[in-house]
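Peer 1: when you get a sec, could you give me coordinates for this:
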Amino acid sequence: MNIAEGQTLGVGIPIAVTFARSVPSSERASVERQLKVTALGDGAEGSWDWVEDPALADGQRVDFRPRASWRPGTKVTVEVGAALTRHFTVGRSQIAASAPGR
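Peer 2: Numbers count the residues shown, from 1 in each chain. Reported below is the predicted structural model:
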């Protein structure tokens, strides 16, 4: 998982889970049912999407993206089956604008 226990992360962070082996297409729905995202006080509406990563085999990485940006201060728990649980807090929203002409 791309998240360390107790981290504070930005409002747009996706949750990425990378598996040791490729998950066949026929098993992906079953795997997704074992992945749980809970956000205290703010629901965790969003979805899992299998990502094509050139450094990995097809079906080796799945990302969760919230439907809308996480709200600052939200406490999020991610469970990957019974084997792995991580907690993180959503930090402040910071949007950087590029300089004119760029």
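Peer 1: can you get me a residue count around the residue nearest to residue 84 when sequence neighbours are not counted?
Peer 2: Nearest in space to residue 84, with sequence neighbours left out and distances taken as CB to CB, 6 or more residues apart in numbering, is residue 1 at 6.6 Å. Backbone N, C-alpha and C define where each C-beta goes, glycine included. Using other CB atoms under 10 Å, the number of residues around residue 1 comes to 13.
Peer 1: touching, residue 1 and residue 85? I think so.
Peer 2: No: counting by CB atoms under 8 Å, residue 1 does not reach residue 85; the two are 9.8 Å apart.
Peer 1: need the overlap of contacts for these two.
Peer 2: residue 78 (CB atoms under 8 Å, 6 or more residues apart in numbering).
Peer 1: residues contacting residue 66?
Peer 2: Neighbours of residue 66 in contact, by CB under 8 Å, 6+ apart: 39, 44-46.
Peer 1: for it, what are phi and psi?
Peer 2: For residue 66, the backbone dihedrals (degrees, to the nearest 10) come out as phi -70, psi 150.
Peer 1: which parts of this structure are helices?
Peer 2: Along the chain, counting by DSSP state H, helices occupy 28-33.
Peer 1: quick one: the strands in this structure?
Peer 2: Counting by DSSP state E, residue ranges of the strands within the chain are 8-9, 15-18, 35-40, 46-50, 61-66, 75-80, 84-90.
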